[in-house]
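Colleague: generate coordinates for the sequence data below:
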Amino acid sequence: MDPAVKESVRRIPLCRTKAGPRDGEAWVARLKEEYTSLIAYVEQTKADDNHWFALESNEAGTRWFGKCWTYYKAKKYEFAVEFDLPVTYPSAPPEIALPELENKTVKMYRGGVICMTTHFQPLWLRNVPHFGIAHAFALGLGPWLSVEVPAMVEDGVLE
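Modeller: Predicted coordinates:
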């Protein structure tokens, strides 16, 4: 893992509670940890002048949506991002989708779900319950955007 990425992830608070949306009060505690991690990660990216997403959730914390963006060749590429937490969360990572990019790259599943199975999912599984949404963005979506958007631009799929 790149040392800069490793240091960035090291600064994201880990979650402690192994609870999902169906776990009542334990889920409320987990959701607080998720927000704490996300806030810390956003503050970190802003301090590093590398802010690249805005995210919010429904009241239950089960459906998340927002925007993510990246820059390539001095041009900003912005996409809607969304995901529902899986029933088995946090034992299974969220499946992050960029619906408007569906069918534009082979590294994507139906519905615009980005492919994270090869590189990110094994890392997630080794770190249950400590990884949360902020980690999925830092180690999943962020690297995916930094590789796939330039490839799509160079292939003429994105302008």
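
Colleague: where does this structure dip in pLDDT?
Modeller: Applying pLDDT under 70 to the chain flags the ranges 1-2, 4-5.

Colleague: mind jotting down where the helices sit in it?
Modeller: Counting by DSSP state H, the chain forms helices over residues 3-10, 25-47, 120-126, 133-136, 142-154, given from the N-terminal end onward.

Colleague: mean neighbour count, those: which tops it?
Modeller: Per-stretch averages of neighbours, counted by mean count of other CB atoms under 10 Å, single out helix 133-136 among the helices of the chain, with a mean of 24. The way it works is simple: take the backbone N, C-alpha and C, and place the C-beta from them, glycine included.

Colleague: now for that helix, which elements pack on it?
Modeller: helix 25-47, helix 120-126 (3 or more CB pairs under 8 Å, 6 or more residues apart in numbering; DSSP states H and E).

Colleague: for Glu100, find the nearest of those.
Modeller: Put simply, out of the helices and strands packed on helix 133-136 the one that sits nearest Glu100 is helix 120-126, at 21.3 Å, with distance taken as CB to CB.

Colleague: got the contact list for that closest one?
Modeller: By CB atoms under 8 Å, 6 or more residues apart in numbering, the surrounding residues in contact with helix 120-126 are 91-93, 131, 135-136, 139-140, 143.

Colleague: tell me how far the spatially most central residue of the chain lies from Asp23.
Modeller: Within the chain, one residue has its C-alpha closest to the average C-alpha position: by CA atoms, centre = their mean, that is Phe137, at 2.4 Å. For Phe137, the distance to Asp23 (CB to CB, to the nearest Å) stands at 23 Å.
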